[in-house]
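> Please find the sequence and the predicted model below.
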Amino acid sequence: MEKSIKHFIENINHVLYMESMEDYEREELVTTLTLVVIEGDRLYGANVGDSRIYLNRKGVCAQLSNDHSMDEEGMENVLTSAMGLEESVSPYYFENNLLSGDQILLCSDGLYNELSQDEISDSMKMGASFLVKKASKKHNDDLPDDTTAVVIEIKELDPRGKLKQLDLIVKEHYKVGEEVDGYKLLKPLIQNNRTWLCEKRGLQYVIKFVPYEAVDDVVMLDMFVKEVWMAKRLKAGFFPKAVVPKKRTHRYYIMPFIEGVSLKVFTQKKPLSVDMSVELSVFLLKMSQFLIRLDLVHGDIKPENIIVTERKGKLVFKMVDFGSITEAYSNVTRAGTPSYLAPERFKQAPINEQTELYAIGVTLYEVLTQKYPFGEIEPFQTPSFEKKIKEPTKLNPKIPKWLESVILRALDPDTDNRYHNYSEMQYEITNPTKVKPYFDKSTSFVERHEKMVYKVGFISMLILNLVQLFWF
């Protein structure tokens, strides 16, 4: 965290300094900076110049930042360091623990020069605007200096921090018949032996253990804790209900066992029907809309992660993977399955609605044709998306043209031509008569406007024939 914050500050400082030299040939773009990052129960902060950071805990206010100003009497307003003042900068960095109810104030010297630390402490709970107005009243609303403030209140600590700190058993191997907190392990469901079918009191569940490597790998532990937190948080019919037993002794979480098969297995022998494909697309789009309302994206939409099960005599879908769910725009890596990654993901673009729409498009293309639109892509391969996708209707004549247009638009490598949001694609899926024909960028003008060309040609020939009749 310290390295990231300092690197961030150094980059901003470099931009300000170089622009000053280029535009003014002197240090002109100069400013102070305060910055805080909150992660779990930790506060990370840094400052450059004399803007300050205060922590108010249970009425006791403490300055966490360090003023970069001269100590001599009468020279207190002269800065010894500021952003853009020199080619390089050395910020003051600090770390501190956090408690629920803590308040953090970031402010310029225009505020703390007018209000004492006790006044700041007493008024912080009223918010930043109140603090600035209180300072302004001392000068009849004509403050002599820029006065800015930001107040952050810690309502509650991130539950992921508590989950991470629990002292739980992590075993390298589990075996058939073993009992973990009353759950009897029946058989592993995945080759890595970390996901098991288990039984308790006559009911079957799925138990997912943390990877053993998380014992020494902090990043892997963070990822599993995030997965558990996401699983608990996502209470919707699209997903199985996840539970974290309060008295667990091992690091795992529990889900109900869903009787069914993966969509990948379900479509191995024959393609999915058109009706079920439409139902699948609506399911995936509604699930994605549910996630985006929480600023989340799934990150690994594919047939292997979708279970086909039966409910009241009807086939329905369930999304069973929580491990890839993440914040929208947060991931700029190739995390996910290569064949379902949008072209821009291979160029470090962040994961967002459009990249998820592409994954939905690949999934629909695959279950209807049993092929990948651009062929199977291997890990670490950098594929080309220049070739034209083979129309789904040539691989499966049962696909209606309107559905083909929807799928191809979701798969367009050009993000300007692809659907921009889930609701746009859902509208066309549920309103087939409103779907406009899709044309690849290589499609000629004649092919794009075939009816119009024939109509113009017919009218032109008619006019030409009439002219000939007139003259002869």
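Great, that's in hand. As the structure is a prediction and not an experimental result, all values here were calculated from the model.
> from here on, contacts and neighbour counts on C-alpha atoms
Fine.
> Who's the closest spatial neighbour of Thr393, skipping the chain neighbours?
Take Thr393 and drop its neighbours on the chain: the residue closest to it by Cα to Cα, 6 or more residues apart in numbering is Ile399, 5.5 Å away.
> My understanding was that the one you found contacts Val274; is that so?
Yes - here Ile399 reaches Val274: they are 6.4 Å apart, a contact under Cα atoms under 8 Å.
> Find residues that contact each of the two.
Applying Cα atoms under 8 Å, 6 or more residues apart in numbering, one finds that Ile399 and Val274 are jointly contacted by Leu368.
> contacting residues around stretch 32-49?
Outside stretch 32-49, the residues touching it (Cα under 8 Å, 6+ apart) are 1-2, 5, 31, 50-53, 65-69, 79-83, 90-99, 106-107, 157-161.
> mind listing the helices for the stretch 201-350 of the chain?
With DSSP state H, counting those that start in this stretch, the ranges of helices along the stretch 201-350 of the chain come out as 218-233, 263-266, 274-292.
> For the first one, output the C-alpha coordinates as CSV.
If I follow you right, that is helix 218-233. C-alpha atoms of helix 218-233 as CSV (Å, rounded to 0.1, in the frame of the first residue of the first chain):
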residue,chain,number,x,y,z
VAL,A,218,-1.9,-13.5,1.4
VAL,A,219,-3.3,-12.6,-2.0
MET,A,220,-5.0,-16.0,-2.3
LEU,A,221,-6.5,-15.7,1.2
ASP,A,222,-7.8,-12.3,0.3
MET,A,223,-9.4,-13.7,-2.9
PHE,A,224,-11.1,-16.5,-1.0
VAL,A,225,-12.3,-14.2,1.8
LYS,A,226,-13.7,-11.9,-0.9
GLU,A,227,-15.5,-14.9,-2.5
VAL,A,228,-17.1,-15.9,0.8
TRP,A,229,-18.2,-12.3,1.4
MET,A,230,-19.7,-12.0,-2.1
ALA,A,231,-21.4,-15.4,-1.7
LYS,A,232,-23.1,-14.2,1.6
ARG,A,233,-24.0,-10.9,0.1
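> Buried residues of that helix, list them for me.
Across helix 218-233, burial judged by 16 or more other Cα atoms under 10 Å covers 220-232.
> before we move on, back to that, would you format the helices of the stretch 201-350 of the chain as CSV with mean pLDDT and distance to Val435 included?
CSV is the format used below for the helices of the stretch 201-350 of the chain (pLDDT from 0 to 100; distance: least, Cα to Cα, whole Å):
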stretch, mean pLDDT, distance to Val435
helix 218-233, 88, 35
helix 263-266, 96, 26
helix 274-292, 96, 14
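> Let's see the pLDDT reported for Met75.
Predicted confidence (pLDDT) for Met75: 69.
> cool, Lys208 as well?
95.
> What about it, how many residues nearby?
Neighbour count of Lys208, defined by other Cα atoms under 10 Å: 20.
> That one is in contact with Arg194, isn't it?
Yes - contact criterion Cα under 8 Å: Lys208 and Arg194 qualify, at 5.8 Å.
> what sits in contact with each of those two?
With the criterion set as Cα under 8 Å, 6+ apart, the contacts of Lys208 and Arg194 do not overlap.
> Which secondary structure state does Arg409 sit in?
Secondary structure for Arg409, judged by DSSP: H, G, I helix; E, B strand; the rest coil, is helix.
> which residues touch it?
Listed by Cα under 8 Å, 6+ apart, the contact set of Arg409 reads 417-419, 438.
> if you set the cut-off to 6 Å instead, what comes out?
Arg418 (Cα atoms under 6 Å, 6 or more residues apart in numbering).
> Residue numbering should commence at 57 henceforth.
In the new numbering, first residue 57, that becomes Arg465.
> OK, contacts around Glu128?
With Cα under 6 Å, 6+ apart, Glu128 has no contacts at all.
> And the pLDDT at it?
For Glu128, the model assigns a pLDDT of 74.
> Kindly report the same for Lys302.
pLDDT at Lys302 comes out at 88.
> What is the burial count for it?
Quick note: Lys302 (other Cα under 10 Å) scores 6 neighbours.
> Surely Ser192 is within a strand?
No - secondary structure of Ser192 (three-state DSSP): helix, not part of a strand.
> got any ranges where the protein has weak pLDDT?
Counting by pLDDT under 70, the ranges of the chain that qualify are 130-132, 387-390, 497-510, 512-513, 528.
> got the domain boundaries for it?
58-213, 217-312, 316-497 (automatic domain parsing).
> my read: Ser380 touches Leu352, true?
No - Ser380 is beyond contact range of Leu352, at 10.3 Å (criterion: Cα atoms under 6 Å).
> neighbour count winner among the two?
Set Ser380 next to Leu352 and count neighbours by other Cα under 10 Å: Leu352 wins out with 21 against 17.
> still on that earlier bit, can you put the buried residues of helix 274-289 in TSV and add distance to Glu335?
Formatted as TSV, those follow (distance: Cα to Cα, whole Å):
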residue	distance to Glu335
Met276	35
Leu277	36
Asp278	35
Met279	32
Phe280	31
Val281	32
Lys282	30
Glu283	27
Val284	28
Trp285	29
Met286	25
Ala287	24
Lys288	26
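> got the CA positions of stretch 346-366 in PDB?
Extracted in PDB, the C-alpha atoms of stretch 346-366 (Å, rounded to 0.1, in the frame of the first residue of the first chain):
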ATOM      1  CA  PHE A 346     -28.800  -7.400 -10.300                       C
ATOM      2  CA  LEU A 347     -25.000  -7.400  -9.900                       C
ATOM      3  CA  ILE A 348     -24.400  -4.100 -11.600                       C
ATOM      4  CA  ARG A 349     -26.800  -2.400  -9.100                       C
ATOM      5  CA  LEU A 350     -24.300  -3.400  -6.500                       C
ATOM      6  CA  ASP A 351     -21.400  -2.100  -8.800                       C
ATOM      7  CA  LEU A 352     -20.400  -5.800  -9.400                       C
ATOM      8  CA  VAL A 353     -19.800  -7.900 -12.500                       C
ATOM      9  CA  HIS A 354     -19.600 -11.700 -12.700                       C
ATOM     10  CA  GLY A 355     -16.300 -11.900 -14.500                       C
ATOM     11  CA  ASP A 356     -16.500 -15.500 -15.800                       C
ATOM     12  CA  ILE A 357     -19.800 -16.100 -17.500                       C
ATOM     13  CA  LYS A 358     -19.600 -19.400 -19.400                       C
ATOM     14  CA  PRO A 359     -21.600 -22.700 -19.700                       C
ATOM     15  CA  GLU A 360     -19.400 -24.500 -17.100                       C
ATOM     16  CA  ASN A 361     -20.600 -22.100 -14.400                       C
ATOM     17  CA  ILE A 362     -24.300 -22.400 -15.200                       C
ATOM     18  CA  ILE A 363     -26.300 -25.400 -13.800                       C
ATOM     19  CA  VAL A 364     -29.400 -26.700 -15.600                       C
ATOM     20  CA  THR A 365     -31.800 -27.900 -13.000                       C
ATOM     21  CA  GLU A 366     -35.500 -28.700 -12.700                       C
END
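> Quick one: end-to-end length of stretch 197-208, please.
Using Cα to Cα, to the nearest Å, the end-to-end distance of stretch 197-208 comes to 25 Å.
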